[in-house]
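Asks: Give me a 3D structure for the following:
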Amino acid sequence: MFTQKRLLPNAQELLKETNHLCEAFAISESILARYQRNNKQLSDSEKKAFASLLLRVPHDFLTETVASLGTSKTSSIGPTTDLGSLIDNVFGFGKPLKDVFQLLNQELGNCLNSPRCRVYYLDPTDNLLKDPVYATASTLDETTPLGKAVLTGIQREIAGTLYLPLSFDGKVIACVESSWGSPEKGDKRRIKETLQFVACAMHNAIESERLRWNKEKAEAMLEMATQLARDNLDEAVLANSIMNTAKVLTESDRCSIFLVKDDTLEAHFEDGNIVVIPIATGIAGYVAQTGQTVKISDAYSDDRFNREVDKATGYRTKTILCMPVTYEGSIVAVAQLINKLDMVTESGLRLPRTFGKRDEELFQTFSMFAGASLRNCRINEKLINEKRKSDAILDVVTLLSNTDIRDVDGIVRHVLHGAKKAPVCRSLRVVSGGQGAERTVQPHCGQRGWEGDPLSVRTGNCWRRGIDWHR
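Replies: Numbers count the residues shown, from 1 in each chain. So this is what the prediction gives:
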């Protein structure tokens, strides 16, 4: 049978004193640990109290304890080492965004005592909240808890899930989604510092990703501009190259180019069709006349959009970005980009996007190359036409120099031969000098682009003045 042994009175007093001392040490250790976490320094009175306590500790025990502390590890070394490692991994330039966010998710999970913690960063270009770790996204509006937390900047807790907006430099840049976690369960100061660290690390990672993206786009744009310079100077081929390049840069579904020619727009479409319309027609006409960029997030809500085009083709136009293509201050063309491509997550979720400021900046930069190429193309076409005209005149003059001036039929035949080579010619009037006889001949228009007033050829006394070419 178990019997309890009674302690002597002196032994009971000794046990009480020992327990009191251990309890005091435990309380002191807890307070010191809190000081260490909060980086709080000991006050002068606390330092004096510790010094007074050390004076009462046996000298041999104190010496042995101090010696052992030199080889032992304190509890503060572990967290400091972990934090240093985290900083090295997170703040390394060029780190993939997915890897950085994965480390931040783990740190936030430990801090918030949450088994599942995810961070969504704000992409201002697409107005979406993106999670690079799980390749998912959420719309930036008040229909979702994430969007509401970011737009309001207020912490929310819904159905056991905590939504914490993260701010950097006074702006909300991300939102933490933490399941079954709460800041109340941990050290508030530590949580606050961790959130500040995560926000700073996230800002740097996003900026690094933006710089990488800009570098890739710049290289792609340079390659495309080089390709434009290598293309032949045929206007239709050049327009097709511009359309394909603009689609890739802005991630658009379709693109059309409207070449400005006097009072008309020559519309080039991806299927190869070319249509000439008045310059004041539609959204492209507005941009051609004003030089202003038009960005529409809902085409059917804009009165300038012609719905009949969609009805005829069966295509559904949603978003439009229409911008001028200029060269030395003159508008040479208008590009109309249609329907920004949806963002598709790994799970197959499609999130609609609209054209943003970055799309405008990208195309504006590219349009400098496109405008120069179009102007070169037109200058080349003009030079070719002038050369054809000069060659035709030279041929006629050469033939007429060996023709009897009284041979009107021969003169007409030679002039017709030269007119067919001219870039512009519709009719020919031959006036026989002396008698005032007049003959008008309508030559066959066998080359594209023949147009203008009749071409007059004078015979008789007027031949001394040469041949008059009227366009």
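
Asks: C-alpha only now, for contacts and for neighbours.
Replies: Noted.

Asks: Ala333 versus Thr264, what's the distance?
Replies: As judged by Cα to Cα, to the nearest Å, Thr264 and Ala333 stand 11 Å apart.

Asks: When those two are compared, which one has more neighbours?
Replies: Ala333 (28 against 17; other Cα atoms under 10 Å).

Asks: Could you pull out the helices in the stretch 301-450 of the chain for me?
Replies: Ranges of helices within the stretch 301-450 of the chain are 307-313, 357-401, 408-419, based on DSSP state H, counting those that start in this stretch.

Asks: what does the first one contact?
Replies: Applying Cα atoms under 8 Å, 6 or more residues apart in numbering, the set of residues contacting helix 307-313 from outside is Tyr300, Arg316, Thr317.

Asks: Distance to Glu386, pLDDT and neighbour count added to these, as JSON lines?
Replies: Formatted as JSON lines, the contacts of helix 307-313 follow (distance: Cα to Cα, whole Å; pLDDT from 0 to 100; neighbours: other Cα atoms under 10 Å):
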{"residue": "Tyr300", "distance to Glu386": "46", "pLDDT": "90", "neighbour count": "15"}
{"residue": "Arg316", "distance to Glu386": "45", "pLDDT": "90", "neighbour count": "14"}
{"residue": "Thr317", "distance to Glu386": "43", "pLDDT": "91", "neighbour count": "17"}
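
Asks: Make a markdown table out of the residues you listed and add distance to Ile393.
Replies: What follows is the contacts of helix 307-313, written out as a markdown table (distance: Cα to Cα, whole Å):
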| residue | distance to Ile393 |
| --- | --- |
| Tyr300 | 55 |
| Arg316 | 53 |
| Thr317 | 51 |
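
Asks: Which member of these is positioned nearest Arg254?
Replies: Proximity of the contacts of helix 307-313 to Arg254 (Cα to Cα) peaks at Thr317, which lies at 9.7 Å.

Asks: That closest one contacts Ile338, correct?
Replies: Yes: when contacts are counted by Cα atoms under 8 Å, Thr317 is listed as touching Ile338 (6.7 Å).

Asks: Mind checking the helices of the stretch 301-450 of the chain for the one nearest to Val344?
Replies: Nearest to Val344, of these and by Cα to Cα, is helix 357-401 at 18.5 Å.

Asks: Mind pulling the model confidence for the nearest residue to Val334 once chain neighbours are set aside?
Replies: Counting by Cα to Cα, 6 or more residues apart in numbering, Pro324 is the residue found nearest to Val334 once chain neighbours are left out, at 4.4 Å. pLDDT, Pro324: 94.

Asks: Kindly report the same for Ile296.
Replies: 91.

Asks: Just give the closest residue to it, not the sequence neighbours.
Replies: Using Cα to Cα, 6+ apart, the closest residue to Ile296 is Ile320 (5.0 Å).

Asks: try Ala137
Replies: Lys130 (4.3 Å).

Asks: In terms of helix, strand or coil, where does the one you found fall?
Replies: strand (DSSP: H, G, I helix; E, B strand; the rest coil).

Asks: again, but for Glu209
Replies: helix.

Asks: Can you report how many residues lie near it?
Replies: Counted with other Cα under 10 Å, Glu209 comes out at 17.

Asks: Nearest residue to it in space, please, no chain neighbours.
Replies: Leu97 (6.9 Å).

Asks: Quick check: the residue positioned nearest the centre of the chain vs Glu219, distance?
Replies: Geometric centre of the chain, nearest residue: Arg358, 4.1 Å, by Cα atoms, centre = their mean. Arg358 sits 16 Å away from Glu219 when distances are taken as Cα to Cα.

Asks: now do Gly109
Replies: On the measure of Cα to Cα, Gly109 and Glu219 end up 39 Å apart.
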